[in-house]
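Colleague: The amino acid sequence is not available; the structure is as follows:
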């Protein structure tokens, strides 16, 4: 150590050596603070793990009005060979705790409102997990979601010779994969006439900002299980996503997320999107592609500017698909439902 210091002084001089030492020290401190930002928060964890190799993490706590649809589908189609952990960032939910107890799932609450920390903590508390699904509470999955997405991950890796950073399903309300959705259902021309040019981009499109666009897409998504089955009938196929992509429903491996230092968070609590933005960059920098598995359909309820209208439309969604949006939680009155169905040309709504 002393010899190294002497060599440095001879080469750079005393002031140069002090400068380099300060830079190294500040860099190390910066890395330490960043790690703490992304990994540290007081937490509450109810451990029901079974040390499975597959883990499903569900970020939830802020959209309880959707749980009768989204979390109910998860309960219905949860694979037996996976550990489940529902994670809440910035709050603790008694309702979610009860749901987890009923299903034998783990529950995690972290004090800091940072999704990246909640994800990192959930992964830390499940050390046996290798393949990890991450889902948001506004995502609807179908019967074969978990098995098909895993098949898609393995197939894309084998076929492309590049292991994925993550794989995602086709999401209906999404600026990239809505094109796959429309193409499969032969709705591209109808969409173009309604909302203009079909462009794939991660932001700034009608599919992101216009509430009536989300409503149109959802009307064409339902009945959800029927549409998901239509996608699933195809052989496994995938496409490369060359831009930022939503991580509302993804599958990745533990080794990759550890390689890139975990999910990232903002310095200020409550700032969303940092985990997604940095993960997509990490995929590019580490030569780990993002793949869309085209034979797996999932439903994304809405983006922020669409949420108010879409929440109002839940009774109509229930009328179109009471299996996915249960009538006991979302139904219109009998008279209103009959009138609404007639306006859509769907009969009296019996």
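Modeller: Ah, there it is. Keep in mind that what you see is a predicted model, and the values were worked out from it rather than measured. Residues are numbered from 1 along each chain as shown.
Colleague: And the strand ranked longest in the chain, what's buried?
Modeller: Ranked by residue count, the top strand of the chain under DSSP state E comes out as strand 290-300. For strand 290-300, a neighbour-count test (16 or more other C-beta atoms under 10 Å) marks 290, 291, 292, 293, 294, 295, 296, 297, 298, 299, 300 as buried. The way it works is simple: take the backbone N, C-alpha and C, and place the C-beta from them, glycine included.
Colleague: Same question for stretch 320-331.
Modeller: For stretch 320-331, by 16+ other C-beta under 10 Å, it's 320, 321, 322, 324, 325, 329, 330, 331.
Colleague: Just to be sure, which of these are found in helices?
Modeller: Secondary structure from DSSP state H places 320, 329, 330 of the buried residues of stretch 320-331 in helices.
Colleague: Please report how far residue 234 lies from residue 188.
Modeller: 18 Å (C-beta to C-beta, to the nearest Å).
Colleague: Repeat that for residue 222.
Modeller: Distance from residue 222 to residue 188, by C-beta to C-beta: 19 Å.
Colleague: More neighbours: which of these two?
Modeller: Using other C-beta atoms under 10 Å, the more surrounded residue of residue 222 and residue 188 is residue 222, with 21 against 14.
Colleague: measure the more buried one to residue 321 for me?
Modeller: 4 Å.
Colleague: where does the stretch 201-350 of the chain dip in pLDDT?
Modeller: 267-271, 332-350 (pLDDT under 70).
Colleague: can you give me the strands in it?
Modeller: In order along the chain, the stretch 201-350 of the chain carries the following strands (DSSP state E, counting those that start in this stretch): 238-241, 249-253, 290-300.
Colleague: what's the shortest one packed up against?
Modeller: In terms of contacts (3 or more C-beta pairs under 8 Å, 6 or more residues apart in numbering; DSSP states H and E), strand 238-241 is packed against helix 145-160, strand 290-300.
Colleague: Run through who's touching it.
Modeller: 152, 155-156, 159-160, 167-168, 176, 180, 289-294 (C-beta atoms under 8 Å, 6 or more residues apart in numbering).
Colleague: Turn the buried residues of stretch 320-331 into TSV, including distance to residue 75.
Modeller: Putting the buried residues of stretch 320-331 into TSV (distance: C-beta to C-beta, whole Å) gives the following:
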residue	distance to residue 75
320	22
321	17
322	17
324	13
325	15
329	14
330	17
331	20
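Colleague: In the residues you listed, find the pair that's most separated.
Modeller: 320 and 329 (14.5 Å; C-beta to C-beta).
Colleague: Could I get the contacting residues of the residue nearest to residue 320 when sequence neighbours are not counted?
Modeller: Spatial nearest neighbour of residue 320, chain neighbours left out: residue 222 (4.4 Å); criterion: C-beta to C-beta, 6 or more residues apart in numbering. Residue 222 is in contact with 317, 320, 321, 324, counting by C-beta under 8 Å, 6+ apart.
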